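Visitor: The following comprises the amino acid sequence and a computationally predicted model.
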Amino acid sequence: MLHYITNDYNPLAKNNRGSTRLMTRRVATITLNPAYDLVGMCPSLVPGEVNRVRTVGLHPAGKGINVAKVLRDLGVDVTVSGFLGKDNQEEFQHFFSENGLANRFHVIPGRTRINVKLTENSGSVTDLNFSGFRITESEWQKFMADSLTWLGQFDMVVVSGSLPEGVDPAWFTTWMSRLRQLCPCIIFDSSREALVAGLKATPWLVKPNRHELEIWAGKPLPELKDVIDAAHALRDKGIAHVVISLGQEGALWVNASGAWRALPPHCEVVSTVGAGDSMVGGLVYGLLMSQSSEHTLRMATAVSALAVSQPGVGVRDRAELAAMMAKIKLSPVV
């Protein structure tokens, strides 16, 4: 049996005075560098040749926006914020309205970027991330001042994704540190310089994948024990929870009570795009509802497993989610 979330390490239990009513739980997601995702599939990508690609979808995305979509499907009220390019904002605005997301994005001159994501039959994904708008210092200062006036009212804030061009990582660290003082429950999911900068603010929970954790650790992590040791190194810096997504190998949750692994069943892969974001959505939902660590990790892994078997993120069928949860194998890692 996994350790149950208690007041000792779940600030939400204090914030909500034991209430389990979902409508009292409010979440904000921050996506500083969103994108239109053009997702396709091809048998095998051959560089330098003409590759025929089957289009799976073109949709507004970004890590925090994907998390918000999962949470809305699960019945959580979500506010979204970050930056949007003025020149091609229409589909994002429609997406927010259609999904009932409260929109506090800052619209700035320029275009939101386009990311091309190609999934091969082997399951490997090639990302082609194009550049988009560039943030000026005055635009950043305006975002920081505005966001810090309202984010403190939320039970949980999810900060995820990369930094847009123009944003100094030191600015991001300062903002994250001030946000940490307002909201103790920050869920952080990023990579590269944004990951390094955000970790300096000691968020409550971080969710790197294995590759991102290896980059942070500065070395390969070939064995499960190596991954757990790196997670504990993050915890030594003041981060309470470290959840590592391992792709087909499932996920690890490392905290003061130990380490646990969740292993999903084999799934037919349509696209792995958004699988990590879906896991974050499942984690947030379980934590908001003060579920046990076992239930939360099982749900997060199930939502992620469902995401790879469908185009786009989201929970289409709660019965389907429950059936997938029953197939997840959980075990402590000693």
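Guide: Looks like it arrived, so ask away.
Visitor: Going by C-alpha atoms from here, please, whenever you check contacts or count neighbours.
Guide: OK.
Visitor: which residues does the most centrally placed residue in the chain contact?
Guide: With distances taken as C-alpha atoms, centre = their mean, Asp277 lies nearest the centre of the chain, 3.7 Å away. Going by C-alpha atoms under 8 Å, 6 or more residues apart in numbering, Asp277 touches 63-64, 66-67, 304.
Visitor: residues near Val76, how many?
Guide: Neighbour count for Val76, taken as other C-alpha atoms under 10 Å: 21.
Visitor: Oh, that last question was meant for Glu268, not what I typed.
Guide: Glu268 has 12 neighbouring residues, counting by other C-alpha under 10 Å.
Visitor: what helix or strand is it on?
Guide: Using DSSP states H and E, Glu268 maps to neither a helix nor a strand.
Visitor: What strand or helix carries Lys142?
Guide: helix 137-150.
Visitor: Now do that helix: which elements does it pack against?
Guide: helix 169-182 (3 or more C-alpha pairs under 8 Å, 6 or more residues apart in numbering; DSSP states H and E).
Visitor: What are the buried residues along the helix it packs on?
Guide: Neighbour counts over helix 169-182 (16 or more other C-alpha atoms under 10 Å) mark 169, 172-177, 179-180, 182 as buried.
Visitor: quick one: contacts of the next helix or strand after that helix?
Guide: Next helix or strand after helix 169-182 toward the C-terminus (DSSP H and E): strand 186-189. Applying C-alpha under 8 Å, 6+ apart, the contact partners of strand 186-189 are 156-161, 180, 195, 198, 203-208, 284.
Visitor: 6 Å instead, please
Guide: Contact with strand 186-189 is made by 156-160, 203-207, as judged by C-alpha atoms under 6 Å, 6 or more residues apart in numbering.
Visitor: Next secondary structure element downstream of the helix holding Lys142?
Guide: Using DSSP H and E, the helix or strand that follows helix 137-150 in sequence is strand 156-160.
Visitor: for that next one, the distance to its chain's centre please.
Guide: Relative to the mean C-alpha coordinate of its chain, strand 156-160 is positioned 8 Å out (C-alpha atoms, centre = their mean, to the nearest Å).
Visitor: ok, now stretch 27-47?
Guide: 13 Å.
Visitor: So which residues lie in contact with it, not counting its own?
Guide: Contacts of stretch 27-47 (C-alpha under 6 Å, 6+ apart): 53-62, 64, 78-83, 112-121, 154, 156-160, 162-164.
Visitor: Could you pick out the buried ones from the residues you listed?
Guide: Among the contacts of stretch 27-47, those classed as buried by 16+ other C-alpha under 10 Å are 53, 56, 58-62, 64, 78-83, 112-120, 154, 156-160, 162-164.
Visitor: Now, the residues you listed that are in helices?
Guide: Residues of those located in helices (DSSP state H): Gly64.
Visitor: Just the buried ones among the contacts of stretch 27-47: which are in strands?
Guide: Members of these lying in strands (criterion: DSSP state E): 56, 58-61, 78-83, 113-120, 156-160.
Visitor: pLDDT score for Thr20?
Guide: The model reports Thr20 with a pLDDT of 37.
Visitor: Equivalent analysis for Gly247, please.
Guide: With respect to pLDDT, Gly247 has a value of 80.
Visitor: So it versus Gly123, what's the distance?
Guide: Distance of Gly247 to Gly123, given as C-alpha to C-alpha, to the nearest Å: 10 Å.
Visitor: can you tell me the average pLDDT over the longest helix anywhere in the chain?
Guide: Secondary structure of the chain per DSSP H: the longest helix is helix 293-308. Helix 293-308 shows a mean pLDDT of 88.
Visitor: Quick check: can you name the pairing partners of the helix or strand hosting Ser331 and their directions?
Guide: Under the criterion of DSSP H and E, Ser331 resides in strand 329-332. According to DSSP bridges, strand 329-332 forms sheet pairs with strand 258-263 (antiparallel).
Visitor: And the contacts of the partner strand?
Guide: Contacting residues not belonging to strand 258-263 are listed as 250-253, 328-333 [C-alpha under 6 Å, 6+ apart].
Visitor: cutoff 10 Å now
Guide: Residues outside strand 258-263 that contact it (C-alpha atoms under 10 Å, 6 or more residues apart in numbering): 2-3, 224, 228, 231-232, 242-254, 293-294, 297-302, 305, 327-334.
Visitor: One more: stretch 215-230?
Guide: 191-193, 195-196, 199, 208, 210-214, 231-236, 242-244, 246, 252-254, 258-261, 333-334.
Visitor: about what we covered before: could you save the contacts of strand 186-189 as CSV and add columns showing distance to Ser309?
Guide: Shown next, in CSV, are the contacts of strand 186-189 (distance: C-alpha to C-alpha, whole Å):
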residue, distance to Ser309
Met156, 28
Val157, 28
Val158, 24
Val159, 25
Ser160, 23
Pro203, 31
Trp204, 30
Leu205, 27
Val206, 25
Lys207, 21
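Visitor: Output stretch 252-260 in PDB, but only the C-alpha positions, please.
Guide: Only the C-alpha atoms of stretch 252-260 are listed here, as PDB (Å, rounded to 0.1, in the frame of the first residue of the first chain):
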ATOM      1  CA  LEU A 252       8.000   6.700 -11.000                       C
ATOM      2  CA  TRP A 253       6.900   8.800  -8.000                       C
ATOM      3  CA  VAL A 254       9.600   9.600  -5.500                       C
ATOM      4  CA  ASN A 255       8.800  11.500  -2.300                       C
ATOM      5  CA  ALA A 256       9.700  11.300   1.500                       C
ATOM      6  CA  SER A 257       7.800   8.000   1.800                       C
ATOM      7  CA  GLY A 258       9.900   6.200  -0.900                       C
ATOM      8  CA  ALA A 259       9.600   5.400  -4.600                       C
ATOM      9  CA  TRP A 260       6.800   3.700  -6.500                       C
END
